[in-house]
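**Student:** Give me a model of this one.
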Amino acid sequence: MTPNYPVIRMPKAQLSEPRQKLSLGELIKKLCQCIGLASLIMVMNYGDLLGGGADVRMHVPFKLTGIVAAQLMDVLLVGVLLFAILVPLSRTRIYPWVRLVVAVVMPPYLIWRMQTLMPEVMSDGLVPIILAVWAAVLLLLLFRFRRIYNWVIQAGDFVAIFFAFFALFSVVSLLWVARWVPGPYEKHASWNPVNATGQALPAREHPLVVWVIFDELSYNQVFEHRAHDLTLPHFDALKQMSTVFTNVQPVGYRTVKIVPSLLTGKVVDDYRFRFNNSFVVHEAGVPGWQPVRGSNSVFGDAQRAGWRTAVVGWYNPYCTIYGDAIDDCYWMNLDRIDGLMSQKDTFVKNTWSPLEQIVREIRAPAKADRRACNYDVKQRRSTDRDLQQHWTELLKTDQADFIFLHMSVPHSPNAWSRMNDDFTQFCNSSYLDNLALADRLLGQMLEILQSSPRWKDTTMIVEGDHGWRIDLWNWLPSWTDEDEEASRGVFDPRPAVIIHQAGQTQGQAVTAAWPLLNVHGVVEEVIHHQTPQY
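**Tutor:** Below you'll find the model as predicted:
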């Protein structure tokens, strides 16, 4: 006797139903749902621009119109592609299976796409587990609880309508950001560095302060537990004629709060960068929001004391926020926008690169991560070179009196290879490599400054804004075995601080706890011709 086995079939509607043409209203609904789903798929490329995009606007020097246009085009292209696939399938008998596949795959895929918001999910490999469990639940409902399964599918169709509202919100937000007009990223001094005959002017006879922030410069890594194969001769040389602070107490964790704290002398615990490019902060213990401008910062104090002010900086819009008290100013940040987009790239490239990356992520996730990391390195290399050109020119003119430099190293991504003693094109370097680059830049600064007759009257402050924040980097593809070994799995919050007073020839160390905010007081004392006491 032949055994009988139960046959389970996908529930389907009447044979005529799948073959019916969709009405115009149904087509519009389907298109809106597809656009909405596309906006969720692509949201990691533009999520920082939703709600006004203040954090992006604050750190990019150029208009975002091209970026916005590329992101809108990506959403449209993906939405139309989904529409072109699903609508013809909706007229076939296999459409119930198609809906099942979409219902199984899409939620885990969206979670996976948003991995940077949920690194713990990706690091623990939970997405495949989520996919397996979710698929098992849907199949169980399909074969055992068909009515509930139908409710779930209908609920998914209803939720897709809300996706369309999210897409509308995204479009409105992006178009709003496209209207934004950035502040200036450069400002030229009224004092001309060359005379009428084109010859360089002699060095200005005035005391000089050079305040350098190497972003993420760790005292622990530079001096206390330096890697045995890392040489930093210029930091060592500066240490021998400066005061080094071994127990600096940080003023914060994020550069965007630390720098205004240092420049104003007041601890900033929150900030707002408004659409008109004004910058307001909340100071610890002070109610309300306080506007920040150059006039109420150390730049204004320096100008009022008769000092010429100049800035070359990274990441923060110095010329926009503090420009009213800066004579010569330049800031730049060419780092990529989310989704492998850059303000300097063409519209076609900014449109194509994120779409290509999605395909790469599906086919070979590790290679896709490596490609994104390489792109980061490329953009940072451009930033580093651009800033170096401008601060070199500024120092060589020798006309400014108070110079503030904010360097993009040793902050990740790591764009230098100490093995090749050159910039790298690939995501294969470590924090130690970027420390070597920071030392190289410091050496170039010292060479220019020490060749000037003003060196004997020069105060030089070299510091980090915070320590090496390993928790921000140790889960990214750029994290190397060398990073792991150097960090020892411990976050040391102490930034390096080295202060060379004018005429100082002997090194000394301050081992007592010393708040980083004290640097502001040191600068104020120098520009008012007082001798700092530590």
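**Student:** Just the element for the closest residue to Lys21 other than its chain neighbours, please.
**Tutor:** Counting by Cβ to Cβ, 6 or more residues apart in numbering, Lys21 lies nearest to Arg91, which is 7.2 Å off, once chain neighbours are set aside. Where you see a C-beta, it was placed from the backbone N, CA and C, and this is true even at glycine. Assigned by DSSP states H and E, Arg91 belongs to neither a helix nor a strand.
**Student:** Arg91 and Phe347, how far apart?
**Tutor:** 36 Å (Cβ to Cβ, to the nearest Å).
**Student:** Can you report phi and psi for the closest residue to Asp324 other than its chain neighbours?
**Tutor:** Spatially, and ignoring its direct neighbours in sequence, Asp324 is nearest to Gly294 (4.4 Å; Cβ to Cβ, 6+ apart). Main-chain dihedrals, Gly294, degrees, to the nearest 10: phi -60, psi -30.
**Student:** if I look at Gly294, how far off is Asp422?
**Tutor:** 37 Å.
**Student:** Among these two, which residue is more densely surrounded?
**Tutor:** Neighbour totals were compared for Gly294 and Asp422, and Gly294 leads with 23 against 10 (other Cβ atoms under 10 Å).
**Student:** list the buried ones in stretch 488-498?
**Tutor:** Within stretch 488-498, the residues that qualify as buried are 492-498, counting by 16 or more other Cβ atoms under 10 Å.
**Student:** Output that stretch as CSV - backbone C-alpha positions only.
**Tutor:** Presented in CSV, the C-alpha positions along stretch 488-498 are these (Å, rounded to 0.1, in the frame of the first residue of the first chain):
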residue,chain,number,x,y,z
ARG,A,488,45.0,46.8,25.3
GLY,A,489,41.3,47.1,25.3
VAL,A,490,41.3,50.1,27.6
PHE,A,491,40.1,53.6,27.0
ASP,A,492,42.4,56.2,28.5
PRO,A,493,40.6,59.6,28.4
ARG,A,494,43.7,61.7,28.9
PRO,A,495,44.6,63.9,26.0
ALA,A,496,48.2,64.9,25.6
VAL,A,497,49.1,68.5,26.5
ILE,A,498,52.5,70.0,25.9
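**Student:** And it, how far out from the chain middle?
**Tutor:** 21 Å (Cα atoms, centre = their mean, to the nearest Å).
**Student:** Name the helix or strand of the protein that has the lowest mean pLDDT.
**Tutor:** Least confident element among the helices and strands of the chain, by mean pLDDT, DSSP states H and E: helix 119-123 (a mean of 54).
**Student:** how about the buried residues of stretch 488-498 in JSON lines, adding pLDDT, secondary structure and distance to Arg385?
**Tutor:** Converted to JSON lines, those look like this (pLDDT from 0 to 100; DSSP: H, G, I helix; E, B strand; the rest coil; distance: Cβ to Cβ, whole Å):
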{"residue": "Asp492", "pLDDT": "96", "secondary structure": "coil", "distance to Arg385": "30"}
{"residue": "Pro493", "pLDDT": "96", "secondary structure": "coil", "distance to Arg385": "30"}
{"residue": "Arg494", "pLDDT": "97", "secondary structure": "coil", "distance to Arg385": "29"}
{"residue": "Pro495", "pLDDT": "98", "secondary structure": "strand", "distance to Arg385": "25"}
{"residue": "Ala496", "pLDDT": "98", "secondary structure": "coil", "distance to Arg385": "24"}
{"residue": "Val497", "pLDDT": "98", "secondary structure": "strand", "distance to Arg385": "27"}
{"residue": "Ile498", "pLDDT": "98", "secondary structure": "strand", "distance to Arg385": "25"}
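**Student:** Just give me the closest of these to Leu446.
**Tutor:** Ranked by distance to Leu446 (Cβ to Cβ), the buried residues of stretch 488-498 are led by Ile498 at 11.5 Å.
**Student:** and the gap between that closest one and Leu217?
**Tutor:** In terms of Cβ to Cβ, Ile498 sits 9 Å off from Leu217.
**Student:** Between these two, which contacts overlap?
**Tutor:** Common neighbours of Ile498 and Leu217 are listed as 462-463 (criterion: Cβ atoms under 8 Å, 6 or more residues apart in numbering).
**Student:** quick one, strands of the stretch 251-400 of the chain?
**Tutor:** Assigned by DSSP state E, counting those that start in this stretch, the stretch 251-400 of the chain shows strands spanning 268-273, 279-283, 290-291, 309-314, 328-332.
**Student:** before we move on, the earlier item: number of residues surrounding the residue nearest to Lys21?
**Tutor:** 13.
**Student:** Check whether it really touches Lys30, as I assumed.
**Tutor:** No. At 11.6 Å, Arg91 and Lys30 do not qualify as touching, with contact defined as Cβ atoms under 8 Å.
**Student:** one step back: most tightly surrounded among the strands of the stretch 251-400 of the chain?
**Tutor:** Per-stretch averages of neighbours, counted by mean count of other Cβ atoms under 10 Å, single out strand 309-314 among those, with a mean of 27.
**Student:** ok, that one: who's next to it in the sheet?
**Tutor:** strand 328-332 (parallel), strand 402-407 (parallel) (DSSP bridges).
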